[in-house]
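> Give me a model of this one.
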Amino acid sequence: MRTRVKQLFVNKDFYQEQEVEIKGWVRTNRAQAQFGFLNINDGSYLENLQVVYDNKISNFEEISKYRVGVSVHIRGIIKLTPNLKQPLELHATFVKLLGDCPEDYPIQPKRHTREFLREVAHLRPRTNLFSAVFRIRSVAAMAIHTYFQERGYVYVHTPLITCADCEGSDQMFKITTLDLNQLPYDQNKVDFSKDLFGKQAFITGSGQLQGETYAMAFSDIYTFGPTFRTENSNTKIHANEFWMIEPEMAFCDLEELMDIEEEMLKFVIQYVVDHCPLEIDFCDQFVAKGLKNKIQNLLNSKFTRITHHDVVDILKNAKVKWEFLPSYEDDIAKEHEKYITDYFNGPVFITNWPKDIKAYYMKLNADGKTVAAVDLVVPEAGELMGGSQREENLEKLLARMEELHINKEEIDWYLDTRRYGGCVHSGFGMGFERLIMYLTGIENIRDVIPFPRTPKNCEY
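Numbers count the residues shown, from 1 in each chain. So this is what the prediction gives:
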């Protein structure tokens, strides 16, 4: 029976002097006259298993010529090596080639640039860096589900195909089954009544609107899945396909929302720290020096809460020459986020944003100028979450929709959440890739998504 490499490292005392069988890929092969060393990785563990083979094996000469990247089947005895660099090694009695690999295999045992590895995204999980990054991604996803499931939230699968315009149709991918070379027109406009759904459809930019309807039945729900934006941006933090976590909570105001955001973020980060110690150590050593301290500081922090107006006061009084001047009516820039997190020496919730730069569904504050919205900015990463208390008053919501020219007929079903037993409710969104960038120290979103979709890049 095959034993995973992780089992051998985690339970090394149990396997001492036992015969085991492993299967994996050769990372390195150091062959000498009478014996040699294979470094084997089977994907179950960040560390490689050292396999010692000697000329007592009948196919010794063949093994000594195995190239990097070949897959192998090995049987042998586990020996503990407490005085050596590795805690154990496998002394092989049987080695068989399962799949050969040519000399031009791109992933050789040397440092590769991340730009090069993006060109071979289907092979980059075989490197130590991406083995660590995508294992952290996997565990972080489990942490998110664990947090919400343990607290009674219902996981809702909101649709990827939608006719509901949440983020603005100009930011959403349009889909159609119509022949683009022979489009049907009605008064110089495409007649979408001839399309599959009988009207124009999009790929979702958010599951929030559908999520709110389920929160009105289950109280606490969350969505976690892919979302899509057409933004033609080539920055390090934007992608056209990414994953979002979007909880919606009934009977929850803005203050309670911030409590949940802080608790969830700390839970997920602690979960990853506890379950991925090797990967976090690797990223701390080879990706971002000081990563572990940054993470621990966040876990120990009490998040500051401050209004957008007061943030702008601080920025205006700062003796700094800003590239973008702070304004009470506008968003804050990256340089402002960094200053504010440094000023408070930790994460900061910025609340009560100008209504004119926020979405129609956010609750209008008593001043008539701001909405009960909140962004969380964290040291060295900037904005990590964004949320709001939703406008529960139907008349005020309709007025805001009218003001922003939102088509009420298309989302009349959404308005039923206010008509039929509406209540105070809130929700937030967190970009999953932003979280992984924070946890790994990786600076480019293209390196935390298995197959990134960015402008002019849709490979694989």
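
> quick one: the helices in the stretch 201-350 of the chain?
Along the stretch 201-350 of the chain, counting by DSSP state H, counting those that start in this stretch, helices occupy 208-218, 254-275, 277-286, 291-300, 308-317, 334-344.

> Of all those helices, which one is nearest Gly368?
helix 308-317 (14.0 Å; Cβ to Cβ). The C-beta positions use only the backbone N, C-alpha and C, and glycine is treated the same way.

> Return that closest one as PDB; C-alpha atoms alone will do.
C-alpha atoms of helix 308-317 as PDB (Å, rounded to 0.1, in the frame of the first residue of the first chain):
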ATOM      1  CA  HIS A 308     -13.900  58.500   6.500                       C
ATOM      2  CA  HIS A 309     -14.200  62.200   7.500                       C
ATOM      3  CA  ASP A 310     -11.800  61.800  10.400                       C
ATOM      4  CA  VAL A 311      -9.400  59.900   8.200                       C
ATOM      5  CA  VAL A 312      -9.300  62.800   5.800                       C
ATOM      6  CA  ASP A 313      -8.800  65.200   8.700                       C
ATOM      7  CA  ILE A 314      -5.700  63.200   9.700                       C
ATOM      8  CA  LEU A 315      -4.400  63.000   6.100                       C
ATOM      9  CA  LYS A 316      -4.900  66.800   5.600                       C
ATOM     10  CA  ASN A 317      -3.000  67.600   8.800                       C
END
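
> Tell me which residues of stretch 95-105 come out buried.
Val95, Leu97, Cys101 (16 or more other Cβ atoms under 10 Å).

> which one among these gets closest to Arg229?
Of the buried residues of stretch 95-105, the one sitting nearest to Arg229 (Cβ to Cβ) turns out to be Cys101, at 38.7 Å.

> so who does the closest one touch?
Cys101 sits next to Val26, Arg67, Val68, Gly69, Val70, Ser71 when contact means Cβ atoms under 8 Å, 6 or more residues apart in numbering.

> any idea how far Ile63 is from the fifth one?
Spelled out, it's Val70. From Val70 across to Ile63, the span is 10 Å (Cβ to Cβ, to the nearest Å).

> Which one's more surrounded, the two?
Between Val70 and Ile63, Ile63 has the larger neighbour count (other Cβ atoms under 10 Å), namely 24 against 18.

> Correct me if wrong: that one contacts Asp54.
No. Ile63 is beyond contact range of Asp54, at 9.7 Å (criterion: Cβ atoms under 8 Å).

> Overlap in contacts, those two.
With Cβ under 8 Å, 6+ apart as the test, Ile63 and Asp54 both reach Gly36.

> Return the most buried member of the helices of the stretch 201-350 of the chain.
Of all the helices of the stretch 201-350 of the chain, helix 208-218 has the most neighbours on average by mean count of other Cβ atoms under 10 Å, namely a mean of 20.

> C-alpha coordinates for it, CSV please?
Extracted C-alpha coordinates of helix 208-218, given in CSV (Å, rounded to 0.1, in the frame of the first residue of the first chain):
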residue,chain,number,x,y,z
GLN,A,208,-24.6,39.7,-3.0
LEU,A,209,-28.2,40.4,-4.2
GLN,A,210,-29.1,36.7,-4.3
GLY,A,211,-27.3,36.2,-1.0
GLU,A,212,-29.5,38.9,0.6
THR,A,213,-32.6,37.0,-0.3
TYR,A,214,-31.4,33.9,1.5
ALA,A,215,-30.3,35.9,4.5
MET,A,216,-33.9,37.0,4.8
ALA,A,217,-34.8,33.3,5.3
PHE,A,218,-31.8,31.8,7.1
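
> Quick one: distance of that helix to the chain centre.
23 Å (Cα atoms, centre = their mean, to the nearest Å).

> Give me the contact list for it.
Contacts of helix 208-218 (Cβ under 8 Å, 6+ apart): 153-154, 156, 158-159, 162, 164, 166, 221-223, 246-250, 361, 390, 411, 413-414, 416-417, 420-423, 425, 427, 429.

> can you do 7 Å?
154, 156, 158-159, 164, 166, 221, 223, 246, 248-250, 390, 411, 414, 417, 421, 425, 427 (Cβ atoms under 7 Å, 6 or more residues apart in numbering).

> Of these, just the buried ones, ChimeraX syntax please.
Buried members of the contacts of helix 208-218, defined by 16+ other Cβ under 10 Å, are picked up in ChimeraX with:
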select :156,158,164,166,221,223,246,248,249,250,390,411,414,417,425,427
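
> taking the contacts of helix 208-218 one by one, which sit in strands?
Among these, the members found in strands (DSSP state E) are Val154, Ile221, Thr223, Glu246, Glu248, Met249, Ala250, His425, Gly427.

> Relative to His157, how far out is the second one?
Ile221 is 11 Å from His157, where distance means Cβ to Cβ.

> burial of the closest residue to Thr162 other than its chain neighbours, as a residue count?
Excluding the flanking residues, the one nearest Thr162 by Cβ to Cβ, 6 or more residues apart in numbering is Thr204, at 4.8 Å. The number of residues packed near Thr204 is 25, by other Cβ under 10 Å.
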